[in-house]
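A.B. asks: Please find the sequence and the predicted model below.
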Amino acid sequence: MALLACDGGAKSADAPAAAGVVTNDGGAVPPEAKFAFERATGELAKIEAALAKGEVPRGTACAATNGYVKSLRALPSPSTEITGLVDNVDRVCEHEVPKATARAAIAKAKAARAANPDKNPLSECYSADFTRSLETLTKVADGDAEALQKEFDGVCPPRK
């Protein structure tokens with residue numbers, strides 16, 4: 001004997017999950033993008049938490065986040081929630097993290113200069129972190145790039 005079950009045409013509470021994860025704005029994250037969306041959201045939250053505490057996020061934080069965002073950028077018609085996440089990742093990883101990294105390098109150079117006012121060259125004046133951060137800020141035309149360079153140059157004479 002076979003038993004058949006029928007839901008009578010009722011919609012399941014999980015029905016939106018079949019089409020995609022329903023987001024707050026009524027848009028949807030398609031199932032194939034759900035993993036990348038959730039991971040990018042989680043990584044971005046960690047980066048923002050570190051920045052809020054005045055810490056410089058680990059060097060690979062934005063690389064990992066951008067890895068997830070790359071697949072979200074490839075979606076043919078992303079929801080506003082996805083585009084909002086992508087915009088936030090761009091803002092944080094192309095502006096906020098490089099600024100925090102550059103400021104940390106400047107603070108380190110200032111501390112070294114205060115401890116050794118006559119020492120030249122200071123190893124802290126050869127900061128790959130500062131250089132990479134300034135390159136990123138310059139590439140995205142961030143308005144603070146020039147001021148950060150001047151501040152660094154005030155502690156570390158420009159190289160010739």
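C.D. replies: Looks like it arrived, so ask away. Remember, it's a predicted structure, so these values are computed and weren't measured experimentally.
A.B. asks: which residue packs closest to the spatially most central residue of the chain, ignoring adjacent ones?
C.D. replies: By C-alpha atoms, centre = their mean, the chain has its centre lying nearest to residue 93, at 3.4 Å. Excluding its sequence neighbours, the residue lying closest to residue 93 (C-beta to C-beta, 6 or more residues apart in numbering) is residue 62, at 3.7 Å. C-beta: built from backbone N, CA, C; applies to glycine.
A.B. asks: With residue 145 instead?
C.D. replies: Once flanking residues are discounted, residue 145 sits nearest to residue 137: 3.9 Å by C-beta to C-beta, 6+ apart.
A.B. asks: didn't that neighbour look like it was pressed against residue 102?
C.D. replies: Yes. With contact defined as C-beta atoms under 8 Å, residue 137 reaches residue 102; the gap is 7.2 Å.
A.B. asks: returning to what we had before: so who does the residue nearest to residue 93 touch?
C.D. replies: Under the criterion of C-beta atoms under 8 Å, 6 or more residues apart in numbering, the neighbours of residue 62 are 47, 89, 92, 93, 97.
A.B. asks: What spatial separation is found between residue 158 and residue 125?
C.D. replies: Here residue 158 is placed at a distance of 10 Å from residue 125 (C-beta to C-beta, to the nearest Å).
A.B. asks: More neighbours: which of the two?
C.D. replies: residue 125 (21 against 8; other C-beta atoms under 10 Å).
A.B. asks: which residues touch the more buried one?
C.D. replies: 109, 112, 155, 156, 157.
A.B. asks: Restrict those to the buried ones and give me that as a PyMOL selection.
C.D. replies: Buried subset of the contacts of residue 125, written as a PyMOL selection, criterion 16 or more other C-beta atoms under 10 Å:
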select buried, resi 109+112+155+156
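A.B. asks: Could you export the contacts of residue 125 as JSON lines, including secondary structure?
C.D. replies: Listed next are the contacts of residue 125 as JSON lines, based on DSSP: H, G, I helix; E, B strand; the rest coil:
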{"residue": "109", "secondary structure": "helix"}
{"residue": "112", "secondary structure": "helix"}
{"residue": "155", "secondary structure": "helix"}
{"residue": "156", "secondary structure": "coil"}
{"residue": "157", "secondary structure": "coil"}
